[in-house]
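*Asks:* how does the following fold in three dimensions:
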Amino acid sequence: MTTSTRTAPNVKAAAIATFLVFGMNGLVFASWAARIPAVTQTLHLRSGQMGTLLLCTAVGSLVALPSAGWVVGRIGTANTVRAAGLLAASAGAAVAFSLIAGSVAATAVALFFFGVGIGLWDVSQNIEGADVEHRLGRTIMPQFHAAFSGGAFAGALIGAWLSEIGVGLPEHLLVIAAVVVVLTLTAPRYFMPHETTGTMPDRGAPPAKGPSAWRDSRTLLIGVVVLGATLTEGAGNDWIAKASVDGLNTSESTGALLFALFVAAMTLMRFLGGRAIDRFGRVGVLRVSMAAAAVGLALFVFAADLILAGVGTALWGIGAALAFPMGMSAAADDPRHAAARVSVVSTIGYVAFLAGPPLLGYLGDHTGIRMALLAIGAPILIALWLAGAAKPLAKSN
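*Replies:* Here you go, the predicted structure:
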């Protein structure tokens, strides 16, 4: 870790910029997720075919994630956010033009590069957030993730409103792409300066420790818990709007509003959950979270009316909010092995978050997408059962 001469105002400015970058990332994601029903209608796709398109985004992100640390080490977090934002914006515009042309193949290619941009963006913003947190000397990472959820909530509301007034998804995506270009070129100016050499070994997992982390039983159990948590969140993000339209016979705008409710519940819980963790402990909050997610999922799937489905959606969002951050904290309990273990748990979590929801689309072709969501009940219950693995390690000198 290099020595810093940054002043407090610089760190505060970096915190604000990082908050904005997290929020914009969430808005971009939700602008796409909230209007997935419009994509299926425009391209005349079944749930399984839509799942394939979602898988293109997942593959793009999974290709980018392993190299993201190397990219940040070479060009810094600010330049990585700029490059990732420009790539995501360009890919979003390409998606818009592909939808106008009605080309499934072109949409798939554009979504792959969209996933690459989002993956690079996500890793770089988290590295900057961790640096800001360290320099401030207090925990603010949950607030950054709440900014992501808040941006997603705003994106979902915008999507619902634009759908209601008849604005097409291509036009929506083109405007979002323009906003992304402006923000990702300007906000990183206030990031804290990063050296492109000599810093990343402290941030990333040393190559020699990677295999041992993959063999650590506690780390793998935490990874399973995080897998259940991220699958829960990813399925809600990708399929609540579509499942509401198909299963509850709601309008596209109402489906987007239910998705917005899910994101709002997550956002609120991420802002307030730190106090609960401090008071009741990581394991207790993790168990309650997974139980709430399971109950909320069941209510949403089996609800006979919109009100009960809304209650289930809110509980689902509350349950999905804190498990991933708590898993990251658990993996980092031992500072000597934190980087390698967090890398392992993050990889497991992102695979579930990105690849799990598209697979639900294939199952939805046979059962209907709302009933297909019951498949994530099993990993939720497994995460509930294994929550004790996240118990804080005893501190030793």
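
*Asks:* remind me which residues of the stretch 151-300 of the chain are low pLDDT?
*Replies:* Applying pLDDT under 70 to the stretch 151-300 of the chain picks out residues 194-213.

*Asks:* helices of that one, start to end?
*Replies:* Ranges of helices within the stretch 151-300 of the chain are 169-186, 200-203, 210-215, 217-247, 252-280, 282-302, based on DSSP state H, counting those that start in this stretch.

*Asks:* hey, which of those is tucked in deepest?
*Replies:* Stretch with highest mean neighbour count among these: helix 217-247 (a mean of 25; mean count of other Cβ atoms under 10 Å). (Glycine included, C-beta is placed from N, CA and C.)

*Asks:* relative to Ala321, which of the helices of the stretch 151-300 of the chain is closest?
*Replies:* Ranking the helices of the stretch 151-300 of the chain by distance to Ala321, with Cβ to Cβ as the measure, places helix 252-280 first at 3.6 Å.

*Asks:* got the angle for the closest one vs helix 217-247?
*Replies:* Here helix 252-280 runs at an angle of 150 degrees relative to helix 217-247 (axes from the mean of the first three to the mean of the last three Cα atoms, to 10 degrees).

*Asks:* elements contacting helix 252-280?
*Replies:* Packing partners of helix 252-280 (3 or more Cβ pairs under 8 Å, 6 or more residues apart in numbering; DSSP states H and E): helix 8-33, helix 36-43, helix 141-164, helix 217-247, helix 282-302, helix 306-321, helix 323-331.

*Asks:* could I get those helices as a markdown table with distance to Gly115?
*Replies:* Output for the helices and strands packed on helix 252-280, formatted as a markdown table (distance: least, Cβ to Cβ, whole Å):
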| stretch | distance to Gly115 |
| --- | --- |
| helix 8-33 | 11 |
| helix 36-43 | 15 |
| helix 141-164 | 16 |
| helix 217-247 | 13 |
| helix 282-302 | 25 |
| helix 306-321 | 21 |
| helix 323-331 | 19 |
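
*Asks:* quick one: closest of those helices to Thr186.
*Replies:* Each of the helices and strands packed on helix 252-280 was scored for nearness to Thr186 using Cβ to Cβ, and the closest is helix 8-33 (8.7 Å).

*Asks:* list the buried residues of that closest one.
*Replies:* Counting neighbours by 16 or more other Cβ atoms under 10 Å, one finds that the buried residues in helix 8-33 are 10-11, 13-15, 17-33.

*Asks:* equivalent analysis for stretch 99-116, please.
*Replies:* Judged by neighbour count (16+ other Cβ under 10 Å), stretch 99-116 contains these buried residues: Leu99, Val104, Thr107, Ala108, Val109, Ala110, Leu111, Phe112, Phe113, Phe114, Gly115, Val116.

*Asks:* got the contact list for that stretch?
*Replies:* 32, 39, 42-43, 45, 49, 52-54, 56-64, 87-88, 90-92, 94-95, 97-98, 169-170, 173, 354 (Cβ atoms under 8 Å, 6 or more residues apart in numbering).

*Asks:* next one: stretch 356-364
*Replies:* 47-55, 58, 230-231, 234-235, 237-239, 369, 371-373, 375-376.

*Asks:* picking up where we left off before, and the buried residues of stretch 99-116, which is closest to Val285?
*Replies:* Closest approach between the buried residues of stretch 99-116 and Val285, by Cβ to Cβ: Gly115, at 31.2 Å.

*Asks:* can you give the distance of stretch 348-365 from its chain's centre?
*Replies:* Distance of stretch 348-365 from its chain centroid, counting by Cα atoms, centre = their mean, to the nearest Å, is 13 Å.

*Asks:* need the CA coordinates for it. PDB is fine.
*Replies:* Only the C-alpha atoms of stretch 348-365 are listed here, as PDB (Å, rounded to 0.1, in the frame of the first residue of the first chain):
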ATOM      1  CA  ILE A 348     -18.800 -17.900  -6.600                       C
ATOM      2  CA  GLY A 349     -21.300 -15.100  -5.900                       C
ATOM      3  CA  TYR A 350     -20.900 -13.400  -9.300                       C
ATOM      4  CA  VAL A 351     -21.300 -16.700 -11.200                       C
ATOM      5  CA  ALA A 352     -24.600 -17.300  -9.400                       C
ATOM      6  CA  PHE A 353     -25.700 -13.700  -9.800                       C
ATOM      7  CA  LEU A 354     -25.000 -13.600 -13.500                       C
ATOM      8  CA  ALA A 355     -25.600 -17.100 -14.700                       C
ATOM      9  CA  GLY A 356     -28.400 -18.300 -12.400                       C
ATOM     10  CA  PRO A 357     -31.200 -16.000 -13.600                       C
ATOM     11  CA  PRO A 358     -30.800 -16.900 -17.300                       C
ATOM     12  CA  LEU A 359     -31.100 -20.600 -16.500                       C
ATOM     13  CA  LEU A 360     -34.400 -19.800 -14.800                       C
ATOM     14  CA  GLY A 361     -35.600 -18.600 -18.100                       C
ATOM     15  CA  TYR A 362     -35.100 -22.100 -19.600                       C
ATOM     16  CA  LEU A 363     -37.000 -23.600 -16.800                       C
ATOM     17  CA  GLY A 364     -39.700 -21.000 -17.200                       C
ATOM     18  CA  ASP A 365     -40.400 -22.300 -20.700                       C
END
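
*Asks:* how many other residues sit next to the closest residue to Trp239 other than its chain neighbours?
*Replies:* Closest residue in space to Trp239, ignoring its immediate chain neighbours: Ile369 at 5.7 Å, by Cβ to Cβ, 6 or more residues apart in numbering. For Ile369, the tally of surrounding residues (other Cβ atoms under 10 Å) stands at 25.

*Asks:* got it, and the one 3 residues further on?
*Replies:* Using other Cβ under 10 Å, the number of residues around Ala372 comes to 24.

*Asks:* which of the helices or strands spans it?
*Replies:* For Ala372, the enclosing helix or strand under DSSP states H and E is helix 369-372.

*Asks:* centre of the chain to the following helix or strand past that helix, how far?
*Replies:* Where DSSP H and E defines the elements, the next helix or strand beyond helix 369-372 is helix 377-385. Relative to its parent chain, helix 377-385 has a centroid offset of 20 Å by Cα atoms, centre = their mean.
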